[in-house]
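**Student:** Below is the sequence, then the predicted model.
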Amino acid sequence: MDLNAIRAKLDALNNNGQQREKTDYSTIFWKPELGNHTVRIVPSAFDPTFPFKELKFHYGVGKYPMVALSNFGKQDPI
């Protein structure tokens, strides 16, 4: 796993020059309760140097965000 590549991707996403609305991520993402926990990040079988998969979503189409079909190599009608 290449930590420098992960840091570079995160910096590129954070410094893209656009102002975004602040989001309270504590209501969206999982957070372990108090106590001892072991959290492991497992390397991807498709790209062992980068453990994350970048996905595209459509917002404002319905009540919930929709996963774009282009993530799966299909033509996206939106």
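**Tutor:** Good, I have the coordinates. Numbers count the residues shown, from 1 in each chain.
**Student:** okay, CA-based contacts and neighbour counts for the rest of this
**Tutor:** Noted.
**Student:** Lowest average confidence across helices and strands of the chain, where is it?
**Tutor:** helix 3-14 (a mean of 83; mean pLDDT, DSSP states H and E).
**Student:** For that helix, buried residues please.
**Tutor:** Buried residues in helix 3-14, counting neighbours by 16 or more other CA atoms under 10 Å, are absent.
**Student:** and the spatially closest residue to residue 42 that is not a sequence neighbour, how many neighbours?
**Tutor:** Nearest non-adjacent residue to residue 42, counting by CA to CA, 6 or more residues apart in numbering: residue 51, 6.6 Å away. Burial measure for residue 51: 17 neighbouring residues, criterion other CA atoms under 10 Å.
**Student:** For this structure, which segments count as strands?
**Tutor:** 57-58, 66-67 (DSSP state E).
**Student:** would you list the ones you listed in CSV and tack on distance to residue 36, mean pLDDT and mean neighbour count?
**Tutor:** Shown next, in CSV, are the strands of the chain (distance: least, CA to CA, whole Å; pLDDT from 0 to 100; neighbours: other CA atoms under 10 Å):
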stretch, distance to residue 36, mean pLDDT, mean neighbour count
strand 57-58, 34, 92, 12
strand 66-67, 33, 92, 13
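**Student:** Just send these back as JSON lines, with distance to residue 77 too.
**Tutor:** Putting those into JSON lines (distance: least, CA to CA, whole Å) gives the following:
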{"stretch": "strand 57-58", "distance to residue 77": "11"}
{"stretch": "strand 66-67", "distance to residue 77": "12"}
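**Student:** Can you say which of the ones you listed is nearest to residue 25?
**Tutor:** strand 57-58 (16.7 Å; CA to CA).
**Student:** Give me the contacts around the closest one.
**Tutor:** Applying CA atoms under 8 Å, 6 or more residues apart in numbering, the external contacts of strand 57-58 come out as 65-68.
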